[in-house]
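[1] just the structure for this:
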Amino acid sequence: MAEDGSSYNRDVYIGWCNDETQVKSTDQGAICDAVITSVEAVYGADVFFLLYAAGFAMLCAGSVRSKNVKNIMLKNLLDACGGAIGFWSLGYAFAYGGSDKYHKAFIGNTDFFLRNFNKGEDYASWFFQFAFAATAATIVAGTVAERCKMAAYLCYSVMLTGF
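    I've put the predicted structure just below:
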């Protein structure tokens, strides 16, 4: 559990950042934060651009008739765009946005529209989590290919990543 009461603890990525005896000065703490932020940004970009976007786009393109390849590629692009809007507005806040004073809230109740974000590490954390939320929405793209209208699919994508 993180210091602020949330269940997401960024320090699990780098083991020595958890040991307060090793992080004695503010310089070491700043280096630790920079390393964690960099790791989250790089891993998020790997998942989002290399594994998620290219992999699912090719999988979906191979599962449809050649006349619908452009349509399915657009759906994959709209997954990222619509998913970003849904995760930016509600999804991150519901998943990681604080809790009540007893830490028994069902869903988060702060950070809607990333309102309390003021550091680069907060945005790197958001992007890392968004990459996986958008991937979850894209998995369904191949199954509804050629069976669903574009507007309905975009609504589905925004709702899945937002809730």
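
[2] so who does A45 touch?
    Taking C-beta atoms under 8 Å, 6 or more residues apart in numbering as the definition of contact, the neighbours of A45 are F127, A131. In this view, the C-beta of every residue, glycine as well, is placed from N, C-alpha and C.

[3] look at it and report its pLDDT.
    Predicted confidence (pLDDT) at A45: the value is 83.

[4] ok, it to D122 distance?
    A45 sits at a distance of 17 Å from D122 (criterion: C-beta to C-beta, to the nearest Å).

[5] likewise for G83?
    In this view, G83 and D122 are 19 Å apart by C-beta to C-beta.

[6] what's the answer for A105, then?
    Counting by C-beta to C-beta, the separation of A105 from D122 is 20 Å.

[7] need the three-state assignment for the residue nearest the centre of the chain.
    By C-alpha atoms, centre = their mean, the mean C-alpha position of the chain lies nearest to F130, the distance being 1.3 Å. In the three-state summary, F130 is assigned as helix, counting by DSSP: H, G, I helix; E, B strand; the rest coil.

[8] which residues does the closest residue to it other than its chain neighbours contact?
    Here the nearest residue to F130 in space, its sequence neighbours aside, is F87; by C-beta to C-beta, 6 or more residues apart in numbering that works out to 4.7 Å. By C-beta under 8 Å, 6+ apart, F87 lies in contact with W126, Q129, F130, A133, A134, T161, G162.

[9] okay, and which of those map to helices?
    When helices are assigned by DSSP state H, the members of the contacts of F87 inside them are W126, Q129, F130, A133, A134, T161, G162.

[10] go through those residues and name the one nearest N76.
    Distance to N76, by C-beta to C-beta, is smallest for A134 among the ones in helices among the contacts of F87, at 9.8 Å.

[11] okay, now the residue lying closest to that closest one once chain neighbours are set aside: neighbour count?
    Once flanking residues are discounted, A134 sits nearest to G83: 3.8 Å by C-beta to C-beta, 6+ apart. Look at G83: counted by other C-beta atoms under 10 Å, it has 25 neighbours.

[12] so what's G83 up against?
    G83 sits next to F130, A133, A134, A137, S157, V158, L160, T161 when contact means C-beta under 8 Å, 6+ apart.
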